[in-house]
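[1] Provided below are the primary sequence and the corresponding predicted coordinates.
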Amino acid sequence: MDTTPIKPIALLGSTGSIGTQTLDVCDKLQIPVATLSARRNVALAEEQARRFNVRLVAMRDEAAARDLKSRLADTDTRVVSGESGVLEAAQYDCGTVVNAIVGEAGLAATLAVVELGRTLALANKESLVCAGERVMNLARERGATILPVDSEHSAIFQCLQGANGNKIKRIILTASGGAFRGFTREQMQNVTPEDALRHPNWSMGAKVTIDSATMMNKGLELIEAMHLFGVRAEHVKILVHRQSVVHSAVEFADGAVIAQLGTPDMRLPIQYALTYPARLPCPAPELDLAKLGSLTFEEPDLEAFPCLRLAIETAPRGDRFCAVLNRANETAVERFLRREIAFSDICGEVKNELSKLNQEVN
Ligand code: NAD
Ligand code: MG
C-alpha cells in the first residue's frame, strides 16, 4: 500500500453532492484540504472550513461571502468572493484540484487549472461538453493531467490501466436509465420535478438527476468520453444497465471486454482520482454479486428519450454545437425545475437552439 502523504487538495463545489462526498473521502484518508468554493450555502461552507481548517474559501455569491467572512472572523481562513474568488481557490498552490461545480459555470475553473499544468479531478462534465477540444488541447500543451470523477469515465480509465498501449476498439457506456426507465413518451407527459428527482440508484444534485431522467446525461457523457479517451461517437455503445454495478467497459481489438464493477457509490471514483495510481480502503460498501444474482443490459429507447438521440446526433459536430446543446439543456432543466415548462418540452427547447445555430452556419 502506498503511504506517501497526499498533498492538500482544492475543492470547488464543496457544498454539493460530489463536494460533500469528496470531503467524506478526505476525512477517512486524512487528505488535507487547502481551499473550498461554493455558491451560497454559508452554513455548510462555514462548517467545512472549520472542520478542515482550510486556508481559503471562495463564495460565488457576494452577500454569502460577506456573511461567511464575519462567521469565520475568529479563524485565519481567508474568504474571497465572486468568479475571481472561485478562480483564486482553483489556482491556489496545492495538489489535485477537484472541480465539482455544476454546469457551464465550471468551465472557467477547468481552464484555469489546466492552464497551470496541474492535476484536475474532473466531475464537472459540462466543461468537456461545451469546450472539450479547447480543454484537451490546452491540457496537452501545458502537460496537465485530467482524472475523471464521473463514475463511467473513472471505470473506463480504470479498465485502461492494463491496456499497455493497446487501442480501444469500443467503449461500452452504461446508463441506469434514470427515474423513468421503461416509460413510454406518453407516460412521461405529465411527470413533475418531484417524480424526475427520484433517482432509483444514485443520490445526486438536481441538475444531473434531471439529466438522468431525460437521459441527456448519457449524451453529455458520450461527449465527455470522446474527449477524455480520444474516441469517435460511433465507437461508444450506450447500454441501459439498471443495477448500476458495471460502471462501463472497454472492448479491445481481440474482442476482450474489460469492465469495472462496484456498488453505486461515488466515493469510489472520487477516491480513485485523489489517490491514483494507489488504491486505498474506501468507505463505499462492498459489492455482493451473489446477493445481486443477475446483471441486465438493454438498448436505450431513443423514441422515449429524444434528448439522448439529440445528444448522439450532436456529439460529432464539435465544441460549438455541443456548447449550444449544453447551454440550452441547462436553461431548459432550470425552467422545468421552476415548473415553467413540461418535462417533455426539454428536448424541444434544446432542439430549437440547435436549429438556430444550424441556420447561422448554413
Ligand atoms: P450539486 O448541485 O449538488 O453541487 C454543485 C456545487 O457547485 C455546489 O457546491 C454549488 O455551490 C456549486 N455551484 C453552483 N453554481 C455555481 C457557480 N455558478 N459558481 C461556483 N460554484 C457553483 O451538483 P453535483 O451533483 O455535486 O454535481 C457536480 C458536478 O458533478 C456536475 O457537473 C455533475 O454532472 C457531476 N457529477 C455528479 C454526480 C453525482 O453523483 N452527484 C455524478 C457524476 C457526475
Ligand atoms: Mg455518470
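    Alright, I've got the coordinates. Ligands and ions are numbered 1, 2, ... in the order given.
[2] check the gap between the nearest residue to Q91 once chain neighbours are set aside and H247 for me.
    Distances taken as Cβ to Cβ, 6 or more residues apart in numbering put A112 closest to Q91, at 5.6 Å, once the chain neighbours are dropped. Just so you know, the C-beta spots here come from the backbone N, C-alpha and C atoms, and that holds for glycine as well. Separation of A112 from H247 (Cβ to Cβ, to the nearest Å): 29 Å.
[3] contacting residues around G132?
    Residues in contact with G132 (Cβ atoms under 8 Å, 6 or more residues apart in numbering) are I223, E224, M226, H227, D319, C322.
[4] tell me the two of those that are most distant?
    E224 and D319 (12.8 Å; Cβ to Cβ).
[5] neighbour count for those two, which is higher?
    E224 (24 against 18; other Cβ atoms under 10 Å).
[6] quick one: is the one helix or strand the more buried one maps to near ligand 1?
    Taking DSSP states H and E as the criterion, the element that holds E224 is helix 216-229. No - Helix 216-229 stays clear of ligand 1 (Cβ under 6 Å from any ligand atom), getting no nearer than 7.2 Å.
[7] so after that helix, what's the next helix or strand?
    Trace forward from helix 216-229 with DSSP H and E and the next one is strand 236-240.
[8] just checking, L56 touches T75?
    No - with contact defined as Cβ atoms under 8 Å, L56 does not reach T75; the gap is 11.3 Å.
[9] per-domain residue ranges of this protein.
    9-149, 154-361 (automatic domain parsing).
[10] just those: most buried one?
    domain 9-149 (a mean of 21; mean count of other Cβ atoms under 10 Å).
[11] show me how far it is from its chain's centre.
    Taking Cα atoms, centre = their mean, to the nearest Å, one finds domain 9-149 lying 14 Å from the centre of the chain it belongs to.
[12] tell me the average confidence for it?
    Averaging pLDDT along domain 9-149 gives 98.
[13] start the count at 56, not 1, going forward
    Understood, numbering begins at 56; the last thing we discussed is domain 64-204.
[14] of all of the protein, which residue lies closest to ligand 2?
    D205 (4.2 Å; Cβ to the ion).
[15] list the contacts for that residue?
    Contacts for D205 (Cβ under 8 Å, 6+ apart) come out as L177, A178, K180, E276, E279, P324.
[16] tell me who's in contact with the fourth one.
    Spelled out, that is E276. By Cβ under 8 Å, 6+ apart, the neighbours of E276 are K180, D205, E207, H208, L228.
[17] can you list the residues of the protein near ligand 1?
    68-74, 93-94, 96, 115, 141, 155-157, 160, 178-181, 205, 257, 259-260, 262-263, 321.
[18] now with 5 Å, please.
    68, 70-74, 93-94, 115, 155-157, 160, 178-180, 205, 259-260, 263, 321 (Cβ under 5 Å from any ligand atom).
[19] tell me which of those fall in strands.
    Counting by DSSP state E, these place A93 in strands.
[20] the strands in the stretch 256-405 of the chain, which residues?
    Secondary structure of the stretch 256-405 of the chain, counting by DSSP state E, counting those that start in this stretch: strands at 291-295, 301-306, 312-316.
[21] and if you look at the stretch 106-255 of the chain?
    111-114, 133-136, 152-154, 174-177, 200-203, 225-230.
[22] hmm, who's touching the first one?
    What that stands for is strand 111-114. Counting by Cβ under 8 Å, 6+ apart, 89-95, 97, 100, 104, 120, 123, 127, 132-136, 140-141, 143-144, 147 sit against strand 111-114.
[23] who touches G71 in this structure?
    The contact partners of G71, taken as Cβ under 8 Å, 6+ apart, are A93, A155, I156, V157, G260.
[24] using TSV, please lay out those together with distance to Q244.
    Formatted as TSV, these follow (distance: Cβ to Cβ, whole Å):
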residue	distance to Q244
A93	36
A155	33
I156	33
V157	27
G260	25
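[25] ok, those vs ligand 1, which is closest?
    Set against ligand 1, the nearest of these by Cβ to the nearest ligand atom is G260 (2.5 Å).
[26] my guess is that closest one contacts I156, does it?
    No - taking contacts as Cβ under 8 Å, G260 lies outside contact range of I156: 10.3 Å.
[27] out of the strands of the stretch 106-255 of the chain, which gets nearest to E188?
    strand 200-203 (13.5 Å).
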